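In: Requesting a structural model of the entry that follows:
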Amino acid sequence: MIVVSRALALTLATSRDANKPIIGYRNFASSAAAESALENYPASNLLNPATDPTQRWRSDSSDEQTLEFTVDELSAVDYIGIARHNFGSGQIVVSVEIPDVENEGETIEIVPEFMPGDDAPIMIRFPETYSGVFIVRLQPQDEAKPWAAVAYVGKLLVLERGFYVGHTPLPYARSVEVANGRTQRGDFLGQIVTSASLSTPINVQNLTPTFYRSEIEPFIAAARSKSGVAPFFFAWRPQKYPNEIGYAWLTDDPKPSNQRANGMMQVSFNLEGLV
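Out: A predicted model of the protein is given here:
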């Protein structure tokens, strides 16, 4: 799910960038704090890209509460990504604020309240903002206690070109392995799902040499670093299909090639995503 602030929506309405693919791989958050957390499930777990149940933040309260992320004040931030959460099923209203530097103790809302329709990954977009702190306010409407596994606070990579023909959106790129049960006579006894994932290739073409070297190469280096594979948030057509996003990672080592005599380049990625 992609949520766009009103201020950015007005800009994108007249922009050719509205439907260009976006990648959220930069995470500028240096610390995370929560008003409520269960023992062994601190807010600092949100800075870990792992999504398994033992490495999540879990609140011990169903009251209104906040998550507070600290970033370098000199970094331009334009998105917050959240993966593996219960904000949809828990009917939790979400909004984003920053401290009001002119009024101590007050905040400024930069993304108004919204309620996710499900528990799929969320990308919250807003105009470039410089602040040392970003606050995610959570308002459970029932007795649900919020939890989440991953949160990124950073700046999006907006690709130069879109892709339309032949692409399978990540939420529909299902890959399931099953063990079949059958009798000696060949009767069907049922199936057991042994694993499930989302996987799809992406082919990005007609990239200017400068854009590839300044934007794409740093992304590949971060996603396939020496410390291991780093996941990222991805949306292929943000405006037209805001629900078709994923929290994904590369499964190979992309290698670019020159596509045209003028230096235009192309590169392909193979993604696997969180189910």
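In: Please count neighbours and contacts with C-alpha atoms only from this point.
Out: Noted.
In: what kind of secondary structure is the closest residue to residue 145 other than its chain neighbours in?
Out: Nearest non-adjacent residue to residue 145, counting by CA to CA, 6 or more residues apart in numbering: residue 62, 4.5 Å away. Under DSSP: H, G, I helix; E, B strand; the rest coil, residue 62 falls in the coil class.
In: What pLDDT is listed against residue 62?
Out: Note for residue 62: predicted pLDDT of 96.
In: Report whether the expected contact of it with residue 144 is present.
Out: Yes. Residue 62 sits in contact with residue 144 when judged by CA atoms under 8 Å, with a separation of 5.5 Å.
In: hey, where'd the helices end up in this protein?
Out: With DSSP state H as the criterion, the chain has helices at 6-13, 209-211, 217-223.
In: Include distance to residue 262 and mean neighbour count when you put those into a markdown table, please.
Out: Below are these laid out as a markdown table (distance: least, CA to CA, whole Å; neighbours: other CA atoms under 10 Å):
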| stretch | distance to residue 262 | mean neighbour count |
| --- | --- | --- |
| helix 6-13 | 30 | 14 |
| helix 209-211 | 9 | 13 |
| helix 217-223 | 19 | 17 |
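In: so which of those gets nearest residue 261?
Out: Ranking these by proximity to residue 261 (CA to CA) places helix 209-211 first, at 11.4 Å.
In: from the chain's centre, how far out does the closest one sit?
Out: Helix 209-211 sits 25 Å away from the centroid of its parent chain (CA atoms, centre = their mean, to the nearest Å).
In: In the stretch 51-200 of the chain, what residue spans correspond to strands?
Out: Under the criterion DSSP state E, counting those that start in this stretch, the stretch 51-200 of the chain carries strands at the ranges 57-58, 65-70, 77-85, 92-99, 107-114, 122-129, 133-140, 147-154, 157-158, 174-182, 188-207.
In: If you count contacts, what does the first one end up packed against?
Out: Under the contact definition 3 or more CA pairs under 8 Å, 6 or more residues apart in numbering; DSSP states H and E, strand 57-58 sits against strand 147-154.
In: now the angle from the strand it packs on to strand 122-129?
Out: For strand 147-154 against strand 122-129, the angle by axes from the mean of the first three to the mean of the last three CA atoms, to 10 degrees is 30 degrees.
In: For strand 147-154, which strands pair with it and how are they oriented?
Out: strand 57-58 (antiparallel), strand 77-85 (antiparallel) (DSSP bridges).
In: could you redo those strands as CSV and give each row mean neighbour count and distance to residue 24?
Out: Output for the strands paired with strand 147-154, formatted as CSV (neighbours: other CA atoms under 10 Å; distance: least, CA to CA, whole Å):
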stretch, mean neighbour count, distance to residue 24
strand 57-58, 26, 21
strand 77-85, 23, 7
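In: Which one, of the ones you listed, ends up nearest to residue 216?
Out: With CA to CA as the measure, strand 77-85 is the member of those nearest residue 216 (18.2 Å).
In: got a list of what the residue nearest the centre of the chain touches?
Out: In the chain, the residue lying closest to the centroid (CA atoms, centre = their mean) is residue 233, at 3.1 Å. Residues near residue 233 by CA atoms under 8 Å, 6 or more residues apart in numbering: 23, 24, 25, 81, 121, 123, 245, 246, 247, 248.
In: ok, what's across the strand from it?
Out: So, taking DSSP bridges as the rule, residue 233 has residue 24, residue 247 as bridge partners.
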